[in-house]
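below: sequence and its predicted model.
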Amino acid sequence: VTTRVIDGKKISADIRAEIAADIQRLKSATGIIPGLAVVLVGEDPASRIYVRNKNRAARELGINSEQFSLPATASEAEIIGLVDKLNRNGEVHGILVQSPLPDHIDESRINMAILPEKDVDGTHPLNLGRILTGGEGLRPCTPLGIQELLKRSGVRIEGSHVVVVGRSNLVGKPIAAMLAQKAADADATVTLCHSRTRDLASHTRSADILIAAIGKPALIGADMVKEGAVVIDVGINRVPDPASPKGYRVVGDVSYDEVAPKCAAITPVPGGVGPMTVTMLFYNTVRAARMAAGR
Ligand SMILES: NC(=O)c1ccc[n+]([C@@H]2O[C@H](COP(=O)([O-])OP(=O)(O)OC[C@H]3O[C@@H](n4cnc5c(N)ncnc54)[C@H](OP(=O)(O)O)[C@@H]3O)[C@@H](O)[C@H]2O)c1
């Protein structure tokens, strides 16, 4: 088998170029500029970097992106107050509250406060529910990115056996439900595995498309993958690496070097699913703006 490496950076760049063109079209037809509000609570250094990078990348595409910061001591009511204000602001089409939130905040309550039509993260229960009912809605970014990677790599999803390992609300459950839908770029037969699955390898070995969203470095070995399978590695794990200047390196949930030679196609880590997630946030923002404009 010759393995194809699914280049998430390249696909992500292609989509961003399409998004930028879309924004220009929307602007010249309606005068509307997609607006994104990114809410940061507290001083978590990693979150600050993420938010800054998201803002910068959004602006590069022509999205009107603005950051709103609250102190780590902000109450739930204060955060919901800000969300309410953004809900009522007609120039804001998408609201993202950066996680993790401080411990005293119930993240699900904040999530629920965001108008579903501005929920560009796609994690509001109404939008998650729409995945099950097959309704129109904003889809969560990482699952949407995975579906887009498969689609743009010409992977046949229809009729395929997809095995998802991991059942988080953020990745595993929504991607399983999305690919099981009776719809284009879906129609798969889906198996959802997790830490209580008996004989995990017997399931993963029967996958035409294997999606690993576990958070355990190199858990998926060569003996767990069928010859000719397509492997999507969602995992982002830091492992100690004295040879690297940072002292660590980032690896996926799949033991890449031993699994790749067996695959028809595989996503690397980094450079696979990772770059897609933020891109789909921008995609959702433009979609929300278009929906608000009735287009
Ligand atoms: N690329 C991206 O943009 C992106 C986005 C989000 C997440 N991630 C990464 O993807 C990974 C998963 O994230 P998540 O938020 O979905 O994680 P999570 O909430 O921690 O869920 C992990 C899932 O894996 C299952 N699991 C753990 N150990 C297992 C084992 N030995 N065998 C089978 N299943 C096992 C867990 O089962 P139980 O339910 O039984 O506990 C759980 O369902 C992480 O590395 C995360 O950093 C990447």
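Cool, got the structure.

write out the residues of this structure neighbouring the ligand.
Residues of the chain lying close to the ligand by Cβ under 6 Å from any ligand atom are 142, 165-168, 170-172, 193-197, 200, 213-216, 219, 234-237, 273-274, 277. All C-beta atoms are positioned from the backbone trio N, CA, C, and that covers glycine.

quick one: buried ones out of those residues?
Buried subset of the residues of the chain next to the ligand (neighbour count, 16 or more other Cβ atoms under 10 Å): 142, 165-167, 170-172, 193, 197, 200, 213-214, 219, 234-237, 273-274, 277.

which of the residues you listed fall within strands?
In strands, judged by DSSP state E, the following of those are found: 165, 193, 237.

wait, isn't the first one in contact with residue 220?
Right, residue 165. Yes - between residue 165 and residue 220 there is a contact under Cβ atoms under 8 Å: 7.3 Å.

and for these two, which residues touch both?
204, 210, 212, 214, 253 (Cβ atoms under 8 Å, 6 or more residues apart in numbering).

circling back to that earlier point, quick check, nearest of the ones in strands among the buried ones among the residues of the chain next to the ligand to residue 62?
residue 237 (34.2 Å; Cβ to Cβ).

for the closest one, give the beta-bridge partners.
Judged by DSSP bridges, the bridge partners of residue 237 are residue 251.

going forward, the N-terminal residue is numbered 56.
From this message on, residue numbering opens at 56, which makes the last subject residue 292.

follow-up on the earlier one: which one of the shared contacts of residue 220 and residue 275 is nearest the ligand?
Nearest to the ligand among the shared contacts of residue 220 and residue 275, counting by Cβ to the nearest ligand atom, is residue 269 at 4.1 Å.

now do the same contact list for that closest one.
Each residue near residue 269 by Cβ under 8 Å, 6+ apart is listed here: 220, 221, 275, 290, 308.

farthest pair within those?
221 and 275 (10.9 Å).

quick one, strands of this protein?
In the chain, the strands defined using DSSP E lie at 59-60, 90-96, 119-125, 149-152, 216-220, 244-248, 264-267, 285-288, 292-295, 303-306, 320-321.

dump these into TSV; add mean pLDDT and distance to residue 172 as well.
Listed next are the strands of the chain as TSV, based on pLDDT from 0 to 100; distance: least, Cβ to Cβ, whole Å:
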stretch	mean pLDDT	distance to residue 172
strand 59-60	97	37
strand 90-96	97	13
strand 119-125	97	17
strand 149-152	98	9
strand 216-220	99	28
strand 244-248	99	28
strand 264-267	99	28
strand 285-288	98	29
strand 292-295	97	35
strand 303-306	96	34
strand 320-321	98	35
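
who wins for proximity to residue 336 among the ones you listed?
Shortest distance between residue 336 and those, using Cβ to Cβ, is found for strand 149-152: 6.7 Å.

where does the prediction get shaky in this structure?
Where the chain drops to pLDDT under 70, the residues are 56.

those helices in it, which residues are they?
With DSSP state H as the criterion, the chain has helices at 63-85, 100-116, 131-143, 162-168, 180-188, 196-207, 227-235, 255-259, 311-314, 329-347.

just the CA atoms of the longest one, as PDB, please.
Extracted in PDB, the C-alpha atoms of helix 63-85 (Å, rounded to 0.1, in the frame of the first residue of the first chain):
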ATOM      1  CA  GLY A  63      -4.400  19.300   7.300                       C
ATOM      2  CA  LYS A  64      -2.400  22.400   6.900                       C
ATOM      3  CA  LYS A  65      -2.900  22.500   3.200                       C
ATOM      4  CA  ILE A  66      -6.600  21.600   3.400                       C
ATOM      5  CA  SER A  67      -7.000  24.200   6.100                       C
ATOM      6  CA  ALA A  68      -5.300  26.900   4.000                       C
ATOM      7  CA  ASP A  69      -7.600  26.000   1.000                       C
ATOM      8  CA  ILE A  70     -10.700  26.400   3.200                       C
ATOM      9  CA  ARG A  71      -9.400  29.700   4.600                       C
ATOM     10  CA  ALA A  72      -9.000  31.000   1.100                       C
ATOM     11  CA  GLU A  73     -12.600  30.000   0.300                       C
ATOM     12  CA  ILE A  74     -13.800  31.600   3.500                       C
ATOM     13  CA  ALA A  75     -12.000  34.900   2.700                       C
ATOM     14  CA  ALA A  76     -13.600  35.000  -0.700                       C
ATOM     15  CA  ASP A  77     -17.000  34.200   0.800                       C
ATOM     16  CA  ILE A  78     -16.600  37.100   3.200                       C
ATOM     17  CA  GLN A  79     -15.900  39.500   0.400                       C
ATOM     18  CA  ARG A  80     -18.900  38.300  -1.500                       C
ATOM     19  CA  LEU A  81     -21.200  38.700   1.500                       C
ATOM     20  CA  LYS A  82     -19.800  42.100   2.200                       C
ATOM     21  CA  SER A  83     -20.300  43.400  -1.400                       C
ATOM     22  CA  ALA A  84     -23.800  41.900  -1.600                       C
ATOM     23  CA  THR A  85     -25.100  42.900   1.800                       C
END
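
many thanks, have a good one.
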